[in-house]
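[1] generate coordinates for the sequence data below:
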Amino acid sequence: MSRVGKHPVEVPSGVDVSVEGIVVRAKGKLGELTFKATDDVRISMDDGKVVVKPANDGKAAHSMWGTARARVQAMVTGVSEGFTKELEINGVGYRAAVQGDNLSLQLGFSHDVNYPIPEGISIKCAKPTSLTVSGADKQKVGQVAAEIRAFRPPEPYKGKGVKYVGEYILRKEGKKK
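    Numbering: from 1, shown residues only. Coordinates of the predicted model:
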């Protein structure tokens, strides 16, 4: 039995959730998100809460039960509060700047890395060495943060590169004489 799936999703005030079969739509102050579940789960509204149940006793239904509930919870949280990922840039001369709808990164290459900011995502640079990626879609925020980090992942000797705030980089000792 799913430990996650059996708990109903609370819908906060200011969020409208509509369920049509296996399609769930959530609309709030930060936008609108849609999720289409598989046929293995049944989704319904009950007393202002979204309830997810498995459609049958099969293994696939029980596998998708908790997944569908977590996706609905992420949608509801996303349109009401949003999600953020913070990145930190370490290295001499490494910096970032938002120019219009592009993110310009200087990461030690012979050229600047220009990353087009996807729709529904906002990137802020409080300092040239810190980035904040935010948006309503949890998957999209994480994907954008991972793509930015992938341009120059942190290296283990000096720790230079782009890393998540709070991420621990396992440091290596350099070569000995």
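
[2] elements contacting the lengthiest helix in the chain?
    Looking across the chain with DSSP state H, the single longest helix is helix 59-80. Where contact means 3 or more CB pairs under 8 Å, 6 or more residues apart in numbering; DSSP states H and E, helix 59-80 is packed against strand 9-10, strand 23-28, strand 31-36, strand 41-46, strand 49-54, helix 138-151. For the C-beta atoms, the positions are set from N, CA and C on the backbone; glycine is no exception.

[3] which regions of the chain lie under the pLDDT threshold?
    The model of the chain has pLDDT under 70 over residues 1.

[4] between the helices and strands packed on helix 59-80, which one is nearest to residue 79?
    Ranking those by their distance to residue 79 (criterion: CB to CB) puts strand 23-28 first, at 3.1 Å.

[5] that closest one pairs with which strands, parallel or anti?
    Taking DSSP bridges as the criterion, strand 23-28 forms sheet pairs with strand 16-20 (antiparallel), strand 31-36 (antiparallel).

[6] for residue 72, which of these is the nearest?
    strand 31-36 (6.4 Å).

[7] sorry, back to before: how about the helices and strands packed on helix 59-80 in a markdown table, adding distance to residue 75?
    Formatted as a markdown table, the helices and strands packed on helix 59-80 follow (distance: least, CB to CB, whole Å):
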| stretch | distance to residue 75 |
| --- | --- |
| strand 9-10 | 9 |
| strand 23-28 | 4 |
| strand 31-36 | 5 |
| strand 41-46 | 11 |
| strand 49-54 | 9 |
| helix 138-151 | 8 |
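
[8] closest one to residue 96 among the ones you listed?
    For residue 96, the closest of these is helix 138-151, at 8.4 Å, according to CB to CB.

[9] following the closest one, which helix or strand shows up next?
    strand 161-164 (DSSP states H and E).

[10] now do the buried residues in that following strand.
    Within strand 161-164, the residues scored as buried using 16 or more other CB atoms under 10 Å are 161, 162, 163.

[11] how is the chain divided into domains?
    9-80, 83-164 (automatic domain parsing).

[12] could I get these as a markdown table with distance to residue 172?
    Shown next, in a markdown table, are the domains of the chain (distance: least, CB to CB, whole Å):
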| stretch | distance to residue 172 |
| --- | --- |
| domain 9-80 | 36 |
| domain 83-164 | 4 |
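
[13] ok, which of those comes nearest residue 171?
    domain 83-164 (5.9 Å).

[14] that older thread, want to throw the helices and strands packed on helix 59-80 into TSV with distance to residue 73 and mean neighbour count?
    Below are the helices and strands packed on helix 59-80 laid out as TSV (distance: least, CB to CB, whole Å; neighbours: other CB atoms under 10 Å):
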stretch	distance to residue 73	mean neighbour count
strand 9-10	5	16
strand 23-28	10	20
strand 31-36	10	14
strand 41-46	12	16
strand 49-54	8	19
helix 138-151	9	17
